[in-house]
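Chemist: With the input below, show me the fold.
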Amino acid sequence: MELHEPATGNHYTVTHAPLLKRYAVIGNPIEHSRSPFIHEQFGLQTGLALRYEKIKAPLDGFTPVVTDFFAQGGCGLNVTVPFKEEAFALAQAHLSVRARLAGAVNTLWMEQGKIHGCNTDGVGLLNDLLRLGYSPQGKNILLVGAGGAARGVVFPLLEAGCMQLHIVNRTEQRARQLQEHIVSRMPQLASRLSAGGLAQASGQWDIVINATSSSLGTTPPDLPHGLYRHGALAYDMMYGQQATSFMIQAQEQGAGLTADGLGMLVGQAAASFAIWHGVNPDIQAVLHDLRRQLHSA
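Modeler: Now for the predicted structure:
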């Protein structure tokens with residue numbers, strides 16, 4: 001609130017600064033998230049004033065936290081581990097095509113009194129793979145994990161023209177359920193999509209993507225040796241100050257290049273930002289600043 005004195009007289013007019021629109025990332029754990037920094041930088045780039053915070057939801061209490069956030073005037077949420085499938089269920093009546101194909105949601109917003117959902121993970125991953133010089137076109141790709149993070153990238157990778165996509169998961173049934181989910185909606189993709197347990201990951205892959213949360217700890221997925229073709233990329237959707245446990249494992253097993261998911265994080269955030277604000281921010285500038293911030297921490 002500001003007081004303004006007119007040129008003459010002793011009367012004052014009172015003006016109120018506009019309330020900042022409220023956005024947040026929701027997950028559990030959430031302490032490590034860099035999303036507030038990313039969206040604040042996007043706001044500075046585009047001249048949009050906003051407030052962006054972290055929300056740690058109880059593992060059994062996602063829906064009431066989201067409902068309360070929007071009831072209190074919240075405008076948009078990014079959804080991370082482990083709530084993407086719950087977010088899909090919450091926005092069931094108002095989903096984008098990408099979200100329906102994924103069966104998972106990482107972006108929520110309120111529109112005409114209804115919660116809407118989209119999945120921008122695939123856009124973020126594809127943009128980052130291209131930045132690294134690894135187009136999925138014609139590649140054999142191994143996807144490790146079958147949870148919400150994996151769900152968001154299966155169809156985009158197939159749509160981008162990969163030759164074969166093989167999903168493996170510690171619980172084989174979950175991998176096969178994800179395969180069936182995609183094939184039931186896009187039967188023409190059946191010949192290029194397969195699934196199995198971790199022991200069935202064997203092969204020579206051009207790109208191996210870790211979509212599990214294992215790198216939040218120190219133990220990588222229990223994968224067979226000999227996965228990497230010459231020059232292959234090992235990509236971890238997780239990120240940190242140092243190389244993740246999956247990246248270290250991949251380096252030891254012959255991957256040509258390893259990369260963490262920081263670029264994907266910024267890319268999916270940019271796509272969410274565009275949904276909420278109708279403006280496309282500069283990804284590269286924020287990725288550069290974020291990487292520098294991580295290394296100096």
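Chemist: Run through the residues that contact the nearest residue to Arg291 once chain neighbours are set aside.
Modeler: In this structure, Arg291 finds its nearest non-sequential neighbour in Leu262, 6.3 Å apart by Cβ to Cβ, 6 or more residues apart in numbering. C-beta here means a position set from N, CA and C on the backbone, and glycine is covered the same way. Applying Cβ atoms under 8 Å, 6 or more residues apart in numbering, one finds that Leu262 lies in contact with 34, 239, 287, 290-291, 294.
Chemist: tell me the least confident of these?
Modeler: When the contacts of Leu262 are compared by pLDDT, Leu294 scores lowest at 88.
Chemist: quick one: the biggest helix by length in the chain to chain centroid distance?
Modeler: Secondary structure of the chain per DSSP state H: the longest helix is helix 262-277. Relative to its parent chain, helix 262-277 has a centroid offset of 8 Å by Cα atoms, centre = their mean, to the nearest Å.
Chemist: And the helices in the chain?
Modeler: Along the chain, counting by DSSP H, helices occupy 35-46, 62-71, 84-90, 97-102, 121-131, 148-159, 172-185, 245-252, 262-277, 283-296.
Chemist: could you dump those helices to CSV with distance to Lys54?
Modeler: Rendered in CSV, the data for the helices of the chain read as follows (distance: least, Cβ to Cβ, whole Å):
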stretch, distance to Lys54
helix 35-46, 6
helix 62-71, 12
helix 84-90, 16
helix 97-102, 23
helix 121-131, 19
helix 148-159, 18
helix 172-185, 28
helix 245-252, 24
helix 262-277, 13
helix 283-296, 16
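Chemist: Identify whichever of these lies nearest to Gly113.
Modeler: helix 62-71 (9.4 Å; Cβ to Cβ).
Chemist: which residues does the nearest residue to Asp282 once chain neighbours are set aside contact?
Modeler: Using Cβ to Cβ, 6+ apart and skipping the chain neighbours, the partner closest in space to Asp282 is Gln45 (5.8 Å). For Gln45, the residues meeting the contact criterion (Cβ under 8 Å, 6+ apart) are 281-282, 285-286.
Chemist: In those, find the pair that's most separated.
Modeler: Pairwise distances across those peak at 8.5 Å for Pro281 and Ala285 (criterion: Cβ to Cβ).
Chemist: Now the common contact residues for the two.
Modeler: With Cβ under 8 Å, 6+ apart, Pro281 and Ala285 have common neighbours 41, 45.
Chemist: More neighbours: the two, which one.
Modeler: Counted by other Cβ atoms under 10 Å, Pro281 and Ala285 do not tie: Pro281 has more neighbours, with 22 against 13.
Chemist: Excluding chain neighbours, what is closest to Ala255?
Modeler: Ala234 (3.9 Å).
Chemist: Give me the buried positions along stretch 64-73.
Modeler: For stretch 64-73, the buried set under the neighbour-count rule, 16 or more other Cβ atoms under 10 Å, comprises 65-66, 69-70.
Chemist: Report pLDDT for the nearest residue to Val168 once chain neighbours are set aside.
Modeler: Of all residues not flanking Val168 in the chain, Ala201 sits nearest, at 4.5 Å (Cβ to Cβ, 6+ apart). The predicted local distance difference test score for Ala201 is 96.
Chemist: Number of residues surrounding Ala201?
Modeler: Using other Cβ under 10 Å: Ala201 sits among 22 other residues.
Chemist: Spit out the contact partners of it.
Modeler: Here Ala201 is in contact with 142, 144, 166, 168, 223-224, 227 (Cβ under 8 Å, 6+ apart).
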